[in-house]
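Student: Curious how this folds, go ahead:
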Amino acid sequence: MKSFLRIIFAFALAANCWSAHAFERPFPANAKRGVMSPGFFPELTLNNQTRRYAANVQIRNAINLIQTPTSLESGRYLVNFVESNTGEITRIWILTPEEARITPPTGPLLQDETPRQR
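Tutor: All right, here's what the predicted structure looks like:
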C-alpha cells in the first residue's frame, strides 16, 4: 500500500513539474521590444539610447527569476520592457529564443541591432 501511494505521489509531482515547464509569460499590452545592454547602475542602454532604471525596477531573466540590475552580465539582451510616465524603465523581461520569435507587443526591433543569444 505504501509503495502504491509513493508511485501516485511521484506521478502527481511529475505532472506538476511538466505543467510548470510549459508556462508562457504574460506580457502587458504596453510592453515594448528592445535590445538592452546593462551599464553602470542606474543606467542602461536600450535601443542605442542611454536610459535609467526606476527605483523599483523588476528584471525577469529567461527562466522568469528576478535579477538585480547589478547581477546582469555585460552583453546585449533582447527584452520586452515597460517604462513609467517619466521615461524610467520599471519592468524588463529577458526573452528566450522562443519568445523572441513572437511578434513584439509594440514597437519594432531596430534592424541594425543583434542581441546576444543565451
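Student: Any buried residues in stretch 64-74, and which?
Tutor: Of the residues in stretch 64-74, P69, L72 count as buried by neighbour count, 16 or more other C-beta atoms under 10 Å. Every residue, glycine included, has its C-beta placed from N, CA and C.
Student: which residues are contacting that stretch?
Tutor: Outside stretch 64-74, the residues that touch it by C-beta atoms under 8 Å, 6 or more residues apart in numbering are 23, 25, 37-38, 41-42, 44, 53, 57-61.
Student: S84 contacts T90, doesn't it?
Tutor: Yes: counting by C-beta atoms under 8 Å, S84 does reach T90; the two are 5.1 Å apart.
Student: from the contacts of stretch 64-74, which would you call buried?
Tutor: S37, P38, L44, Y53, V57, I59, R60, N61.
Student: For the fourth one, what is the enclosing helix or strand?
Tutor: Looking back up the chat, that one is Y53. Using DSSP states H and E, Y53 sits in strand 49-60.
Student: for that strand, packing partners?
Tutor: Packing contacts for strand 49-60, counted by 3 or more C-beta pairs under 8 Å, 6 or more residues apart in numbering; DSSP states H and E, involve strand 43-46, strand 66-67, strand 89-94.
Student: Please convert the contacts of stretch 64-74 to JSON lines, extending it with distance to P104 and pLDDT.
Tutor: Shown next, in JSON lines, are the contacts of stretch 64-74 (distance: C-beta to C-beta, whole Å; pLDDT from 0 to 100):
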{"residue": "F23", "distance to P104": "20", "pLDDT": "68"}
{"residue": "R25", "distance to P104": "14", "pLDDT": "88"}
{"residue": "S37", "distance to P104": "18", "pLDDT": "96"}
{"residue": "P38", "distance to P104": "21", "pLDDT": "95"}
{"residue": "F41", "distance to P104": "26", "pLDDT": "91"}
{"residue": "P42", "distance to P104": "25", "pLDDT": "92"}
{"residue": "L44", "distance to P104": "18", "pLDDT": "96"}
{"residue": "Y53", "distance to P104": "21", "pLDDT": "96"}
{"residue": "V57", "distance to P104": "20", "pLDDT": "96"}
{"residue": "Q58", "distance to P104": "19", "pLDDT": "96"}
{"residue": "I59", "distance to P104": "18", "pLDDT": "97"}
{"residue": "R60", "distance to P104": "17", "pLDDT": "97"}
{"residue": "N61", "distance to P104": "19", "pLDDT": "96"}
